[in-house]
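Asker: coords below, sequence missing:
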């Protein structure tokens with residue numbers, strides 16, 4: 001699976017630089033005293049994906065050292081976190097100020113798509129400080145108030161995803177409810193649809209499938225006045241809800257609708273109706289794969305393996321790619337193929353460790369518990385994997 005250490009190695013070698021030479025120039029984080037210089041072993045770990053760069057400012061400096069285009073590692077060409085760099089120098093709000101905020105939001109969604117959860121989380125925290133600064137010291141003029149609220153809602157969506165990765169589920173729902181209150185009376189179809197979708201998605205994760213379906217169907221209806229992209233986006237979550245609700249007929253109908261809507265869209269959409277860095281076809285197929293597990297049809301999940309692998313390659317959604325082996329692990333378990341189940345579960349664990357998501361990693365333990373409950377706890381592959389996790 002791709003990680004940005006691969007890009008760092010590529011550009012280091014292009015620069016005819018050894019790992020030690022790069023180590024001597026490597027910028028140290030301020031929490032380690034700042035300055036330059038690390039060990040060559042640290043560079044080796046970065047390049048092989050064993051370590052990650054959690055600080056976007058450090059990553060930006062490394063790009064400067066190696067002449068790596070910022071976009072190659074998911075960074076914008078400017079650093080919008082400093083208020084003094086905002087249009088108006090942080091003393092007045094302009095349309096361009098909000099353009100900068102929207103670009104930052106786009107950048108954080110791109111980091112999530114690239115499965116760089118730690119960097120995205122850092123961005124969300126800084127974005128929160130920026131909005132706090134706006135609310136305390138730089139309120140928007142009347143002409144910009146509506147757009148300001150719209151962008152604040154996008155920040156809250158990002159905040160909720162960051163909370164989810166940390167398994168702070170109650171706070172996730174509270175944030176989604178805050179979003180709904182902000183947009184409840186808005187006429188903009190995308191805002192209402194996304195707010196309803198968010199609550200429905202979280203209800204589905206909690207296992208409240210019937211209520212989730214109600215919210216998501218309301219989101220679908222609200223999205224009718226929106227773009228084709230928005231309708232495809234909402235359909236992807238309806239697929240998941242119908243699968244969880246064991247409604248095979250509406251599940252298949254939602255899959256067909258979602259894939260039809262996805263045709264003709266760009267591989268990765270950016271910004272229309274506040275949907276950023278979302279690959280329509282691969283995302284819809286991922287929900288279809290998960291839904292077959294919920295419907296007790298694991299053979300269908302495995303039958304679409306090659307197609308979804310190709311869709312993920314085209315869509316470049318590394319976060320979804322990290323999750324998909326979990327579907328295959330569950331499918332093999334349902335078919336009694338425990339060795340294959342553990343192989344896929346081990347790969348899922350590896351990818352989620354790189355991604356740094358506590359929420360994702362919790363699913364590894366859920367599958368292991370289900371293997372124990374079904375009498376597979378003493379199977380050699382299961383015991384060996386459990387021992388690996390204890391090391």
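Answerer: Structure's in. What do you need? For clarity, every value in this text was computed on a predicted model and none was experimentally measured.
Asker: by mean pLDDT, flag the weakest helix or strand of this protein.
Answerer: strand 269-270 (a mean of 54; mean pLDDT, DSSP states H and E).
Asker: so, low pLDDT: which residues of the stretch 1-150 of the chain?
Answerer: 1-2, 29-36, 76-93 (pLDDT under 70).
Asker: check which helix or strand the closest residue to residue 171 other than its chain neighbours maps to.
Answerer: Closest residue to residue 171 apart from its sequence neighbours, by C-beta to C-beta, 6 or more residues apart in numbering: residue 163 at 4.8 Å. Every C-beta, even on glycine, is put in place using the N, C-alpha and C of the backbone. Take DSSP states H and E as the rule and residue 163 turns out to sit in helix 142-165.
Asker: try residue 277
Answerer: Counting by DSSP H and E, residue 277 is found in strand 276-278.
Asker: who does the next helix or strand after that strand touch, helix- and strand-wise?
Answerer: Using DSSP H and E, the helix or strand that follows strand 276-278 in sequence is helix 280-294. Packing contacts for helix 280-294, counted by 3 or more C-beta pairs under 8 Å, 6 or more residues apart in numbering; DSSP states H and E, involve helix 228-244, helix 248-262, helix 298-303, helix 305-315, helix 318-334.
Asker: how near is residue 129 to residue 148?
Answerer: Relative to residue 148, residue 129 is positioned 16 Å away (C-beta to C-beta, to the nearest Å).
Asker: out of these two, which sits in the more crowded spot?
Answerer: residue 148 (19 against 11; other C-beta atoms under 10 Å).
Asker: leaving out chain neighbours, which residue sits closest to that one?
Answerer: residue 140 (4.0 Å).
Asker: likewise for residue 109?
Answerer: Residue 109 sits nearest to residue 276 (C-beta to C-beta, 6+ apart), 3.6 Å away.
Asker: what's around the one you found, how many residues?
Answerer: 22.
Asker: pretty sure it contacts residue 103?
Answerer: No: look at residue 276 against residue 103 with C-beta atoms under 8 Å: they stay out of range, at 10.5 Å.
Asker: now the spatially most central residue of the chain: how far from residue 118?
Answerer: The centroid of the chain falls nearest to residue 112 when counting by C-alpha atoms, centre = their mean (3.7 Å). Taking C-beta to C-beta as the measure, residue 112 falls 11 Å from residue 118.
Asker: okay, and the common contacts of those two?
Answerer: Common neighbours of residue 112 and residue 118, using C-beta atoms under 8 Å, 6 or more residues apart in numbering, do not exist here.
Asker: ramachandran angles for the closest residue to residue 20 other than its chain neighbours?
Answerer: Of all residues not flanking residue 20 in the chain, residue 40 sits nearest, at 4.5 Å (C-beta to C-beta, 6+ apart). For residue 40, the backbone dihedrals are phi -60, psi -30 (criterion: degrees, to the nearest 10).
Asker: how close does residue 40 sit to residue 63?
Answerer: 20 Å.
Asker: quick check: residue 193 touching residue 235?
Answerer: No: when contacts are counted by C-beta under 8 Å, residue 193 is not listed as touching residue 235 (11.1 Å).
Asker: can you work out which residues contact both of the two?
Answerer: Common contacts of residue 193 and residue 235 (C-beta under 8 Å, 6+ apart): residue 220.
Asker: what about the residue nearest to the centre of the chain, which SS state?
Answerer: At residue 112 the chain is in helix, as set by DSSP: H, G, I helix; E, B strand; the rest coil.
Asker: setting aside sequence neighbours, what's the nearest residue to it?
Answerer: Using C-beta to C-beta, 6+ apart and skipping residues adjacent in sequence, the residue nearest residue 112 is residue 120, 4.8 Å away.
Asker: show the contacting residues for the one you found.
Answerer: So residue 120 contacts 108, 111-112, 158, 161-162 (C-beta under 8 Å, 6+ apart).
Asker: go again with 6 Å.
Answerer: Applying C-beta atoms under 6 Å, 6 or more residues apart in numbering to residue 120 gives the contacts 108, 111-112.
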